[in-house]
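Visitor: Give me a 3D structure for the following:
(chains A, B, C, D, E and F)
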There are 6 protein chains.
Amino acid sequence: MSKRPSGREADQMRQVTITRGYTKHAEGSVLVEFGDTKVICTASVEAGVPRFLRGSGQGWITAEYGMLPRATGERMQREASKGKQGGRTLEIQRLIGRSLRAAVDLRSIGENTIHLDCDVIQADGGTRTASITGACVALVDALRVLKKRGSIKKVPAVQMIAAVSVGIYQGEPVLDLDYLEDSAADTDLNVVMTDKGGFIEVQGTAEAAPFSADELNAMLALARQGIEQLFAMQAAALED
Amino acid sequence: MSKRPSGREADQMRQVTITRGYTKHAEGSVLVEFGDTKVICTASVEAGVPRFLRGSGQGWITAEYGMLPRATGERMQREASKGKQGGRTLEIQRLIGRSLRAAVDLRSIGENTIHLDCDVIQADGGTRTASITGACVALVDALRVLKKRGSIKKVPAVQMIAAVSVGIYQGEPVLDLDYLEDSAADTDLNVVMTDKGGFIEVQGTAEAAPFSADELNAMLALARQGIEQLFAMQAAALED
Amino acid sequence: MSKRPSGREADQMRQVTITRGYTKHAEGSVLVEFGDTKVICTASVEAGVPRFLRGSGQGWITAEYGMLPRATGERMQREASKGKQGGRTLEIQRLIGRSLRAAVDLRSIGENTIHLDCDVIQADGGTRTASITGACVALVDALRVLKKRGSIKKVPAVQMIAAVSVGIYQGEPVLDLDYLEDSAADTDLNVVMTDKGGFIEVQGTAEAAPFSADELNAMLALARQGIEQLFAMQAAALED
Amino acid sequence: MSKRPSGREADQMRQVTITRGYTKHAEGSVLVEFGDTKVICTASVEAGVPRFLRGSGQGWITAEYGMLPRATGERMQREASKGKQGGRTLEIQRLIGRSLRAAVDLRSIGENTIHLDCDVIQADGGTRTASITGACVALVDALRVLKKRGSIKKVPAVQMIAAVSVGIYQGEPVLDLDYLEDSAADTDLNVVMTDKGGFIEVQGTAEAAPFSADELNAMLALARQGIEQLFAMQAAALED
Amino acid sequence: MSKRPSGREADQMRQVTITRGYTKHAEGSVLVEFGDTKVICTASVEAGVPRFLRGSGQGWITAEYGMLPRATGERMQREASKGKQGGRTLEIQRLIGRSLRAAVDLRSIGENTIHLDCDVIQADGGTRTASITGACVALVDALRVLKKRGSIKKVPAVQMIAAVSVGIYQGEPVLDLDYLEDSAADTDLNVVMTDKGGFIEVQGTAEAAPFSADELNAMLALARQGIEQLFAMQAAALED
Amino acid sequence: MSKRPSGREADQMRQVTITRGYTKHAEGSVLVEFGDTKVICTASVEAGVPRFLRGSGQGWITAEYGMLPRATGERMQREASKGKQGGRTLEIQRLIGRSLRAAVDLRSIGENTIHLDCDVIQADGGTRTASITGACVALVDALRVLKKRGSIKKVPAVQMIAAVSVGIYQGEPVLDLDYLEDSAADTDLNVVMTDKGGFIEVQGTAEAAPFSADELNAMLALARQGIEQLFAMQAAALED
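Guide: Down below sits the predicted model:
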């Protein structure tokens, strides 16, 4: 019997939905939901690249992450009014950017920049992994638009990227932590993978107690299982 | 025959929808849509007031406004990463705050602060007036929560507040400008009213040509007409 | 009998003086006084325009507004030491800039930028309207200098711009609010007009009670009357 | 025959005027002019002291310095809009604050803070020394107000403070450099003294060539001579 | 035969030295060197805790990280003059803080804050892992000082923390990457462990190619081997 | 008998050491120690000059100054995390930059910028004068590297620059104040000289009591004596 507050099995993900074309202006616009966690992921194409790539013939993919002030249980101060992005925000958006740059060969998109904006409108744990999973779909849509506009000759090969969090909750490895679990977990591990089965990022943090190599492996196995389901959902969404 | 890009009549508003309970954490949470303009308005209650009101027995209502970077046709730089809110943002959030403070007697809500966050997820003109209209509904929901929690003894009397933009487009006064009209209008006028028929704010700006007193009165008449419809929609939403 | 603290009639402006050549470096430099409100308005010409206008052949006019820390009854923190301009400051300088850009056809001044700096050295209500009124005179002086320097072939046609505040004070519409009246007014309305009689900006705010269309029209009539006097003073100052 | 651009003798100061009561709100408000250099110096009294002095029974004197954007020949960017005060500004306001704290025994003013704001409205060299000279007069006025208000029992003993710049111009020591001389001087020395003849600050900078001990002494002698005149003017101004 | 630029074996660490008492003011002050990487780690004790812990009887450990501008091959802009810490800096200092908070039971240090400052004076790869390893020694020294001063009754039990980076370099897992290896590695993994053998943090990033579970396990084995050596060096240093 | 806390004679400097090649990346890297004051001074060469010198054929020398947070007895907040450099920091780095620009004819180094970074790792008074003295040695090393790289044809003539602080301590002029003396001194004077015997900067501040011309001359004599020793040490260090 599950010990999880949500009643889910240890290896059971929350309900995931991926809605394309969520807003109308962006080249790619996705609402991704992992249970009550809801993130708008847009991909915006801009001609040109940052200074360090000018003339290289290579493109760039970068990400920004934000939360609406009341996406959370307690209202948080708006980062724009504080005048800076916090360390957690910067850490997450760097993770999203690195992860998604693994999706395509940057030489295949010409000197274009793709901005991935992940804005959490409701948070219930796992916002960074939902962001990565949704942003990859938005990225594919943006590449298709680049092709349609004639900015690139063909849609480049994309290695799909998805992510999930796993953890040790009350001594047991569990998949896809929600907020209640996350706050009480002994360990929290975020895993980003490619659809070829390789790891892109593995970020594990002992919250209450150190974790062992066996626990790490058990968590990674769960993560792989969850991410496979995510790849199936991404593929289904992209076929619609 | 209408000259409006949208084909609307001069005195015809866009389709307006007001969805309560849009996100789950905030005391009040509304998605307001004026056509393709979509704004999430949340009302968050916080015990305590700013320093200048401490001990006064009086509450406070304040507003913040933001746009997702790709709410617009061209991606705008995220204000949190720029490190400051622009003049337009500050101007709009000051307008929203002033307007909504007219909704209730601040002495009736005790020493509580209500934060109204208006975040535009898709912009097509009229985001400030949609924000005011939606935030008033979120405010009422928050007041009801304050009552349920026992923070106040009864839901105070609320003077409903709604707002619309009007303008002179190709020489003709028109109601509820969308983005295409707004960019080409000779004059743009934002009007905020109470459900008793009084004006709270009237902000008119000549964009291309000065406007006359007659044109101003014609625009105000249109605005009143549109705002009456908005009051009906607010009331209907609050009855659900 | 007047109810005004200053003893003025409802339609009586404070004493207004416009002193040209107030400081020596700027192309235009005006001290404008509306009673005890004193503002130094300088117009500085700079070759070149902001990026979005480069190569357009068109010039630009922009404004900044500030107050000395002790221009007011209580010392305010210096914005330079706070590290940012407040929302009120940004709102006012955006208003001044928009208003003065209506004064000339920007194509007539070549790719030059004219910076209008309005610095309040003593505040007693109406600083933004005094700023607009004084800045227009400084702008004309700067255009004359541009002509003298040969940067432009002729002084372009200028549509003079002036502004005044009106309000409802103790139930009665009054012209040109001073600080005491402004703090206690029911409604405060700032009006910017051209010397052809058109409105450039109309910004009315209900402070204590909503205002009616009739009150709005009464205030606009008073404003027009006051602004006509301001045009006469601007003309007189420019003839000296 | 003088080599100075202004035609002044080597030991001749510019015309200095000190106008008290220049603006109406501040406890002390002085316009000080050293030739074409014009600075508004206000002294504002605030009850309370910074945290490090609370409970000490001692007061505090602090200074801020600013320039209107077009106080100078070329318009400078407004520090409030840049979002920070430059190094030169901070250096000058630290100098003014240190200098004026030598004027009174801080224990004699109770736990009050006196803010000295020195705002340059027109610059022609020597703005920091004019600021110190004018701020000392404003300070005395503020102390008299403190006494009148009953915040202190008697006006404390004040050691008057004045300052002047001297330099080596075309090989010759000269008194009270104006902008033309300052830009071309080999050495620039700012001297702050008390009316008892002691030095408070001596800040000499070799601009084009190192200076010798003899040159330093010659400059100091000139400075003392100029500062004595300033003490006389301060005294005269305070008697009016 | 080794493929490493440094000629080291795959499982060979650089020379590590830990120098206690490196500077004189801090309660703990350590120079830690991993080959050419040199970091000054100080532990500073401050009475009191952040607001969220006040009255809890519990202490706090927090970390900050910086690099001298020319710690690196190319000079980097000083973060203090840029006006903000970059994302990489914030990410690293959050990692150091989280890691070291695992070293002691925060309830055992009373309401004191220990600031761990890790300042890189020369960088050659692995600065974050060297920082963690050195900061733990500085922390122990600071705890001993707290005991000596009588702020705590006994030095609390410390779980030593050390960290090392491992990676896949030219297809082979290697221990303790230097800068040359780090820049060319396929994968980079930072591992933080306790002296009981548990993991505190595992942060792996695919730089050029995704990594497999087998590669991850091989890297973790190397890391454990290196970290055991680090625990021995920490112990030796603490015995001196 | 000396009254100095350190037991030094009035004209006795602390032990000074100058260590070249202290870190490996910078073109010049010096650890300078004045007793317990320890500063790392690096000189970094960068091709190109600031905008105001482009095309002039002339180079630029600029300085930045910082302190590690626990270089001092009490930990100071890190300026990078505060988001700005304090007034003291800016004042000192402007002094260092001005002083070192006197060392060489800027036309002799081509359009290169030399950044002098002075980072205090341990503070015990006199950090700014130690910084200047050490930075001059680092500058010479950097010029030699420029020559080796072929960026300049020959190492330009360098006028060596050194600096020391002097003061009035318990009524007596003393050389090279340490922190204990500095905090209790009546007057503090920083003197920067060239090896030809000229003054570059003389900055004297009365801390507790005004100083007389005689005291100033006594301090200058002591300073000259100390600086001569510093020139000898710089020369010895540069010969190694």
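Visitor: in chain A, which ranges drop under the pLDDT threshold?
Guide: Within chain A, the segments meeting pLDDT under 70 span A:1-2.
Visitor: Please settle this for me: is residue A:197 part of a helix?
Guide: No. Residue A:197: not assigned to a helix; according to DSSP: H, G, I helix; E, B strand; the rest coil it is coil.
Visitor: helix or strand for the residue nearest in space to the middle of chain A, which one?
Guide: In chain A, the residue lying closest to the centroid (Cα atoms, centre = their mean) is residue A:132, at 1.4 Å. Here residue A:132, judged by DSSP states H and E, is contained in helix A:127-148.
Visitor: Go through that helix and flag the buried ones.
Guide: Neighbour-count burial for helix A:127-148, counted by 16 or more other Cβ atoms under 10 Å in any protein chain shown, picks out A:127-143, A:145-146. All C-beta atoms are positioned from the backbone trio N, CA, C, and that covers glycine.
Visitor: and chain A, which of its residues are near chain B?
Guide: A:23-26, A:29, A:36, A:38, A:40, A:42, A:44, A:46, A:64, A:66, A:68-73, A:75, A:78-85, A:89, A:115, A:117, A:119, A:121-123 (Cβ under 8 Å from any Cβ of the partner chain).
Visitor: I figured residue A:47 was touching residue A:114, is that so?
Guide: No. Using Cβ atoms under 8 Å, residue A:47 is not in contact with residue A:114, being 11.0 Å away.
Visitor: Between these two, which is the more surrounded one?
Guide: Remark: of residue A:47 and residue A:114, residue A:114 carries more neighbours, 27 against 9, as counted by other Cβ atoms under 10 Å in any protein chain shown.
Visitor: residues touching the more buried one, list them.
Guide: A:43-46, A:59-62, A:139, A:142 (Cβ atoms under 8 Å, 6 or more residues apart in numbering or on different chains).
Visitor: Check the offset of stretch A:157-175 from the chain's centre.
Guide: Distance of stretch A:157-175 from the chain centroid (Cα atoms, centre = their mean, to the nearest Å) equals 11 Å.
Visitor: quick revisit: so the helix holding residue A:132, near chain E or not?
Guide: No. Counting by Cβ under 8 Å from any Cβ, no contacts exist between helix A:127-148 and chain E, the nearest distance being 13.0 Å.
Visitor: hang on, residue A:64 in a helix?
Guide: No. Going by three-state DSSP, the assignment for residue A:64 is strand, not a helix.
Visitor: follow-up on the earlier one: how close does the residue nearest to the centre of chain A sit to residue A:234?
Guide: 11 Å (Cβ to Cβ, to the nearest Å).
Visitor: same question, residue A:202
Guide: Distance of residue A:202 to residue A:234, given as Cβ to Cβ: 20 Å.
Visitor: Secondary structure class of residue A:191, three-state.
Guide: Per three-state DSSP, residue A:191 ends up strand.
Visitor: Beta-bridge partners for it, please?
Guide: residue A:164, residue A:202 (DSSP bridges).
Visitor: Neighbours of it, how many?
Guide: Neighbours of residue A:191 (other Cβ under 10 Å): 24.
Visitor: Provide a list of residues in contact with it.
Guide: A:129, A:163-166, A:199, A:201-203, A:219-220, A:223-224, A:227.
Visitor: nearest residue to residue A:159 other than its sequence neighbours?
Guide: Among residues not flanking residue A:159 along the chain, residue A:194 sits closest, at 4.8 Å (Cβ to Cβ, 6 or more residues apart in numbering or on different chains).
Visitor: how about stretch A:190-209: buried residues?
Guide: Buried, per 16+ other Cβ under 10 Å, within stretch A:190-209: A:190-195, A:198-207.
Visitor: From the residues you listed, pick the one nearest chain E.
Guide: Closest to chain E out of the buried residues of stretch A:190-209 is residue A:198 (2.4 Å), distances taken as Cβ to the nearest Cβ.
Visitor: Around chain E, pick out the residues from chain A.
Guide: Counting by Cβ under 8 Å from any Cβ, chain A sits next to chain E at A:84, A:86-88, A:90-91, A:93-94, A:98, A:102, A:189, A:193-194, A:196-206, A:209-213, A:216-217, A:220.
Visitor: other SSEs contacting the helix or strand where residue A:168 lies?
Guide: Per DSSP H and E: residue A:168 is located in strand A:161-169. Here strand A:161-169 touches helix A:87-101, helix A:127-148, strand A:172-175, helix A:179-184, strand A:187-194, helix A:213-239, going by 3 or more Cβ pairs under 8 Å, 6 or more residues apart in numbering or on different chains; DSSP states H and E.
Visitor: Need the nearest residue in space to the residue of chain A found nearest chain D, chain neighbours excluded.
Guide: Nearest residue of chain A to chain D (Cβ to the nearest Cβ) works out as residue A:83 at 9.1 Å. Distances taken as Cβ to Cβ, 6+ apart place residue B:83 nearest to residue A:83, at 5.2 Å, with adjacent residues excluded.
Visitor: my guess is that neighbour contacts residue A:84, does it?
Guide: Yes. Shown here, residue B:83 and residue A:84 form a contact pair, counting by Cβ under 8 Å, at 5.8 Å.
Visitor: overlap in contacts of the two?
Guide: residue E:84.
Visitor: near chain C, which residues of chain A?
Guide: Going by Cβ under 8 Å from any Cβ, the residues of chain A near chain C are residue A:83.
Visitor: circling back: can you tell me which of the contacts of residue A:114 are buried?
Guide: Taking 16+ other Cβ under 10 Å as the criterion, what is buried in the contacts of residue A:114 is A:43-45, A:59-62, A:139, A:142.
Visitor: Residue A:42 in helix, strand or coil?
Guide: strand.
Visitor: Write down the beta-bridge partners of it, one by one.
Guide: residue A:29, residue A:117.
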